[in-house]
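Enquirer: take this sequence and fold it.
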Amino acid sequence: MRRTKARLYFTVMLMLLVFSASFAAQKKDKNKEKGNPANLPEVIWRDPGDVASLNLLYGAGGKEHAPDPNGKFTFVKEDKQGTSPKFDIKDEQGVQWKVKLGQEPQSETAATRLLWAAGYFVDEDYYLAEFKVAGMPKLGRGSNFVSADGTVHKARLERKPKGVKKLGDWGWFDNPFLNKRELNGLRIMMSLLNNWDLKRVNNSIYEVDGERRYVVSDVGGTLGNTGNRLSRSKSDSKEYANSKFIGKSGPDFVDFVLHARSDMEKVTQHIPRADVKWLAQRLSQLSEEQIRDCFRAGGYAPEDVTVYTEAVRKRIAELAAL
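Expert: This next block holds a predicted model:
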């Protein structure tokens, strides 16, 4: 009898151990699956709320995240990737910033605000006419924008918030949003901004707040003329204003003008009229003052602000008229 009870006890304990191990393994697998970025919801657009109330002078980061032009910044390292001179700095609060010099700081700052107003995710970009950086070395690129005392001129500062992880890149014809209204609206925005630099590397996937966010993370090649390799430009108000926006308009689809690599020109073509109307309704809520603020934020001269504002308002009106 004792042997029988002992065997029964041993069998029960063995079963409990097996069950416990199996339960722990299942729980571990579920937690692993939950923490896998590939399982996070994918988003490319979010309703920004009342468009008419958005502060486009400060953009997505708001006034509270804006860098202090008189603050103390410390050089961290130079970034030699891409075509524009870039380097990293840190402010007094420990916030990291990516500084960009050259032709793109103004256009990128303004373009992010228009994209954000339309509901698209953007980096928190700010333009500073000048600020001083401690420990500033001789840069491999862009040294002509830095004075001997470490004063940096005409720069875009991109705030690097904590908790944001870059997961990779995405392509215009390779993403989860094909044929969706939100992606089609972003395609239109590329033509509205005259963004001729549509390389895959300029599109990022970020892990933020439990989401996989799809972002056009480099919009510096904008607000000029898309032209061709010899005639294209960026951050040129007159060339932007004189360029064509809408190409061919049919009963169901609209082609927008964008001169880029031949395969990239398709990005702004064959867009459903219903999706054009959806974006036009959103952009039409922007006031003239809000649009001006986009270009004031980019540090443009008053005359350029006026030219850009009138050109953008004209393009929005063209959208609304379709």
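Enquirer: low-confidence regions, the stretch 1-150 of the chain specifically.
Expert: 1-35 (pLDDT under 70).
Enquirer: where do the strands sit along it?
Expert: 42-43, 73-79, 86-91, 96-100, 125-134 (DSSP state E, counting those that start in this stretch).
Enquirer: okay, those in TSV with mean neighbour count next?
Expert: C-beta here means a position set from N, CA and C on the backbone, and glycine is covered the same way. Converted to TSV, these look like this (neighbours: other CB atoms under 10 Å):
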stretch	mean neighbour count
strand 42-43	14
strand 73-79	16
strand 86-91	20
strand 96-100	21
strand 125-134	18
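Enquirer: what's the closest of these to residue 238?
Expert: Closest to residue 238 of the strands of the stretch 1-150 of the chain is strand 125-134 (CB to CB; 20.1 Å).
Enquirer: other residues contacting that closest one?
Expert: Strand 125-134 has contacts (CB atoms under 8 Å, 6 or more residues apart in numbering) with 58-59, 61, 66-67, 69-75, 89, 105-106, 108-109, 112, 146, 149-159, 297-299.
Enquirer: okay, now the sheet partners of it, with direction.
Expert: Using DSSP bridges, strand 125-134 pairs in its sheet with strand 73-79 (parallel), strand 151-160 (antiparallel).
Enquirer: now the residue positioned nearest the centre of the chain. Nearest residue, chain neighbours left out?
Expert: Nearest to the geometric centre of the chain sits residue 122, at 3.0 Å (CA atoms, centre = their mean). Spatially, and ignoring its direct neighbours in sequence, residue 122 is nearest to residue 112 (4.1 Å; CB to CB, 6 or more residues apart in numbering).
Enquirer: just residue 238 next, same as before
Expert: Closest residue to residue 238 apart from its sequence neighbours, by CB to CB, 6+ apart: residue 307 at 6.4 Å.
Enquirer: who are the contact partners of the one you found?
Expert: Residue 307 sits in contact with 237-238, 240-241, where contact means CB under 8 Å, 6+ apart.
Enquirer: I'd like to know how many residues surround residue 242.
Expert: Using other CB atoms under 10 Å, residue 242 is surrounded by 11 other residues.
Enquirer: now the strands of the stretch 1-150 of the chain as CSV including distance to residue 272?
Expert: Formatted as CSV, these follow (distance: least, CB to CB, whole Å):
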stretch, distance to residue 272
strand 42-43, 21
strand 73-79, 39
strand 86-91, 38
strand 96-100, 35
strand 125-134, 30
